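>>> kindly generate the corresponding structure for this input.
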Amino acid sequence: MQNKLISNTLHEQIPMYPDVVTAFIDQIKKFREFLDSYGKRILVPLGFYNMMLRTKQPNYNLPEYEIDSIIPSYQIIVDLNEDFIGVLNDAVDAARSAQLEISEKDVIPCETIVFDQILDSLFAITKRISRTYTLYAIDYPFALTKNTFLEKNHSQYFGQTRRIQKASEAMGYSLEQLLEGIMKFPMTLYIAFKRIFDGIPSIYKRWADMYKVLMSIKKTSEKTEDTLNDIREHLIVSQAKIDINFNGGIATEELYDENRRLIKFVDGEVTDIQTFDYDGSPMEQSLFATKENKEVRFYIFNDTLFMTTQPKRSIFSVITHSSLKGILFKKKFALTQCTVKEKPDNRELEQYCCDLIEDTPQKTFLTIKFEKDPDLQQFIQNFSSAKLAFLKTQCFGINPKEFVSKVKSEKGRLTPRFFNYCTNIIATRGIMEEGIFRISSEQKNINRLISRIDQGDCYFEIINPHDAANLIKTYLRTLPQSIAGDKLDDFIDAIASKEPIEETKKVFETMDESNVAVMYIFTKLLIVVESKKEINKMGIDNLCIVVAPTFFWKKGEMQRQNGFEIVQFMMQHQEVFDVYKEKVNAEIQKDQDRMKKEEELYQETMQIAFEKHCEEEKKRIQITDEKPTMTIDEFKKAKLLELLEKERAEKAALNEKKRLEREVKEKEEEEKRKVLEAEREKERLEAVERQKEIDRLENEEARAKLAREEKRAQIDAELAAMEKKDKETALENERKLKEAELKLVEEKLRQKEAEMKAQEEKRANAAKVVGMCAVCNTEVYNTEDSINAGKRLVHERCFVCKKCKVPIEGRFAWKDDVGGFVCADCVAKANASAGVPSDKTCGKCGKEIEGKMLKAMGKFWHPECFVCSMCGGKISGGFGNLDGKPICKECNAKL
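Residues are numbered from 1 along each chain as shown. Here you go, the predicted model:
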């Protein structure tokens, strides 16, 4: 495969030790031609694939979101190849310029000039290659499955693409072969670059730097080879229709992709991706419906079981919270920490099923149904032999105690290794950097470092100390809760007490030992940084302002002022950590010894490589000395160089003038930049002071507002008391006035009664009594108007209807219940409303019923006559019949 795609491996095309400058230039040219040929053979055909996908040719319906997975990292790799070619072009130009300045035979100065220029560019390029192929190794298996889909379902499209390849003089390989060609590129690049490296003289001052670049390319090539081997060993080709049954659905929280971005799911599909700052708040979404029927393909890669649907190939899987702590990539998720178990009733029911059971307390399971038993057995065999090794070194997002207890390599420690490594970098190199802990780094660098840490790599090279500082701040901010836990109020009370040091120690006793150790190491580092404040411009105030929100925070709020005071107190009183100092310092010293030992081992390895290189160089020099020192052609070339010396000197003077002008311009720009940075720093400090003044004014305003509210409440209480007193006085005056009026009325009534009594006595003496009034029950005199109503004597003024109060004319009736006469109209109305016929008689007293009546046992009753015949009590509710007489239910029960 590799020989077909990249036939020129430069084993014989490039000489190992060029004897003259011309040969060295030819060597660089061949290296450039090799990269250019690689681009035409591999990258150009991939470009046509990419173009066809993005222009959406007819009869091609692949969803938009799957395009990026077809040609993974394509544009990045193209840019890298072009950058590498550009570096070699510059190297050729530099070698030609050097050829005019030095002797044709003197190759070493020419190599020195060229390699200096190459190294300055290769440091950045090799790191980009490493990062690119790390991502490409993850995308590669997905590109393979997409390619199979294209060949199967879009033959017309695939044929058209192949025709374009042939028309562009490409080799006409399939997409799968081209993708594998990219995977082979780092190894071929290593072989070619090593041929260049072997020709570097040992006296070259940057030999070690060139060796580092070579080792970086070698490491990348080894990773890609491991990836190819893993794919060959672990790819599961098992395709079947399955029934997926999720018991109650699966809930997840805190889902992230590789850029620490939150991903929202609806029914298993990615619906939204938004960047946000993690504040610890959970997010729960149901990933799948209860039951789904899908045709899928299973394969295992990078310690992960993937399941892809047919034909859309949407990646789906079961995700648990524990599997989300590493780096996840959108639409690529894993069913992790699980075992496969065959159903016991497969043979009886002729259903070939198995369960994937999650090894967690929830025991979530996924039921998979196959059409044939061999498919089931093949799947179980492949799954069992895959040897999944799940990541268990996630460091970011869990507290230090949990991390050091779970990870085998960290057991017995107080803090993660990477934390001590970053603090050591800052303490040795970062304290001389201006704005350390304040200046931010590129987020992609932080994400890359987080990925390496979560993969268990604790000792890695950090070139920029600002990356180490921002990595520490990111780690502290992504903890489930702040490193101080919920002890913020306790710390505030402790430093405000009479014995702040002792009280702070007591607070530490209630915290996890790992958290206290992290706080001690961090505050100790801040003291070291503060000691160089004249250089790094980070005094104690600036440091506390920057790191206090990292130490003390709560979900949804920032404890700025209080955290500032606590961090400042810990920096000024390191004795609060006396209990933990010895153990933590021993751990730090152990880590430093280990790093020193690894550095010594690396230097020893480099020394061995250097000695071997020197031996090979001696052999080369010995072989060169045996050759004639100069030929006729070389003599002619030397004369030609002498003739060109004048021209070279003029060009050199012009170049020197341009260089000096460029240096002056760069110096002016540097001075402007420093002035601008100083102004920005001054503005920032002024902003900090303004913020402090605003906070002070806000506090004073709050206290004044509280005092005003208390005064207003006091005034309201006094007004309420006065109002109450006024009301009581008014009520008392009104009562006295009413009593006076009442006494006056009573006095008038007594006078009226006395007058009436006197008149009655006077009338009594003058008149004769003829009877008593039946209505008012007073004496009727012969001098008064009276009426004989039936057998009753009544005053004429009293002969009125008791109900309607109208003088009676015509028929009337006497009513004992009202104690007076009732007119015929009122009697008729009463009878009509009660439904009583005028001829009804009471079942007890036998009297005619007028007014209200009761009907029971076939008779009519006065309400007062309808009583129990035994106990004489009033009947309410049920009753019984005893010889035609009513009895209450109590008496009836006794009978």
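>>> what residue ranges in the stretch 651-800 of the chain score low on pLDDT?
Scanning the stretch 651-800 of the chain for pLDDT under 70 picks out 763-767, 790.
>>> same question but for the stretch 151-300 of the chain, I mixed them up
Screening the stretch 151-300 of the chain residue by residue with the criterion pLDDT under 70, one finds the ranges 151-183, 199, 202, 204, 226-300.
>>> the helix or strand harbouring residue 688 packs against which elements?
Of the helices and strands defined by DSSP states H and E, residue 688 is found in helix 645-766. Taking 3 or more CB pairs under 8 Å, 6 or more residues apart in numbering; DSSP states H and E as contact, the helices and strands that helix 645-766 lies on are helix 74-101. Any C-beta I mention is one placed from the backbone N, CA and C, and that applies to glycine too.
>>> quick one: residue 545 and residue 687 touch, right?
No. Counting by CB atoms under 8 Å, residue 687 is not a contact partner of residue 545; they are 10.7 Å apart.
>>> for residue 660, give its distance to residue 528.
When distance is defined by CB to CB, to the nearest Å, residue 660 is 41 Å away from residue 528.
>>> these two: which has the busier surroundings?
Taking residue 660 and residue 528 together and counting by other CB atoms under 10 Å, residue 528 has the greater number of neighbours (14 against 10).
>>> OK, contacts around the more buried one?
Residue 528 makes contacts with 426, 427, 431, as judged by CB atoms under 8 Å, 6 or more residues apart in numbering.
>>> dump the C-alpha coordinates for the helix or strand hosting it into CSV.
According to DSSP H and E, residue 528 maps onto helix 513-530. Output in CSV follows, covering the C-alpha atoms of helix 513-530 (Å, rounded to 0.1, in the frame of the first residue of the first chain):
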residue,chain,number,x,y,z
GLU,A,513,-6.7,16.8,53.2
SER,A,514,-6.2,16.9,49.4
ASN,A,515,-8.1,20.2,49.1
VAL,A,516,-6.0,21.8,51.9
ALA,A,517,-2.8,20.5,50.2
VAL,A,518,-3.9,22.2,46.9
MET,A,519,-4.5,25.4,48.7
TYR,A,520,-1.1,25.3,50.4
ILE,A,521,0.8,24.6,47.1
PHE,A,522,-1.1,27.4,45.3
THR,A,523,-0.7,30.0,48.0
LYS,A,524,3.0,29.1,48.3
LEU,A,525,3.3,29.6,44.5
LEU,A,526,1.6,33.0,44.8
ILE,A,527,4.2,34.0,47.4
VAL,A,528,7.0,33.1,45.0
VAL,A,529,5.4,35.0,42.1
GLU,A,530,4.8,38.0,44.4
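>>> so after it, what's the next helix or strand?
Sequence-wise, the next helix or strand downstream of helix 513-530 (DSSP H and E) is helix 533-536.
>>> pull out the buried residues from the helix or strand that that next one is followed by.
The C-terminal neighbour of helix 533-536 among helices and strands, as given by DSSP H and E, is helix 540-551. Within helix 540-551, the residues that count as buried by 16 or more other CB atoms under 10 Å are 540, 542, 543, 544, 545, 546, 547, 548, 549, 550, 551.
>>> who does helix 540-551 touch, helix- and strand-wise?
Packed against helix 540-551 by the contact rule (3+ CB pairs under 8 Å, 6+ apart) you find helix 465-477, helix 513-530, helix 560-572.
>>> looking at these, spot the one closest to residue 731.
helix 560-572 (55.6 Å; CB to CB).
>>> ok, and what's touching that closest one?
Residues from elsewhere that reach helix 560-572, judged by CB under 8 Å, 6+ apart: 484, 488, 491-492, 495, 500, 504, 519, 523, 526-527, 530, 540-541, 543-545, 547-549, 551-553, 576-577, 695.
>>> worst mean pLDDT among the helices and strands packed on helix 540-551?
For these, mean pLDDT drops lowest on helix 560-572, to a mean of 76.
>>> could you point out which element follows that helix?
Once helix 560-572 ends, the next helix or strand along the chain (criterion: DSSP H and E) is helix 578-625.
>>> that next one versus helix 513-530: what angle between them?
Helix 578-625 and helix 513-530 are oriented at 60 degrees to each other (axes from the mean of the first three to the mean of the last three CA atoms, to 10 degrees).
>>> mind giving me the packing neighbours of helix 578-625?
Using 3+ CB pairs under 8 Å, 6+ apart: helix 578-625 touches helix 207-234, helix 417-428, helix 500-509, helix 513-530.
>>> bridge partners for residue 856, pull those for me.
Residues found in beta-bridge contact with residue 856 (criterion: DSSP bridges) are residue 859.
>>> ok, so of the buried residues of helix 540-551, who is nearest residue 477?
Distances from these to residue 477 were compared by CB to CB; the smallest belongs to residue 550, at 5.9 Å.
>>> which residue is the nearest non-sequential neighbour of the closest one?
With sequence-adjacent residues excluded and distances taken as CB to CB, 6 or more residues apart in numbering, residue 550 is closest to residue 476, at 4.6 Å.
>>> give me the residues contacting stretch 501-512.
Among residues not part of stretch 501-512, those counted as contacts by CB under 8 Å, 6+ apart are 399-401, 484-485, 487, 490-491, 493-495, 497, 516, 569-570, 573, 575-580.
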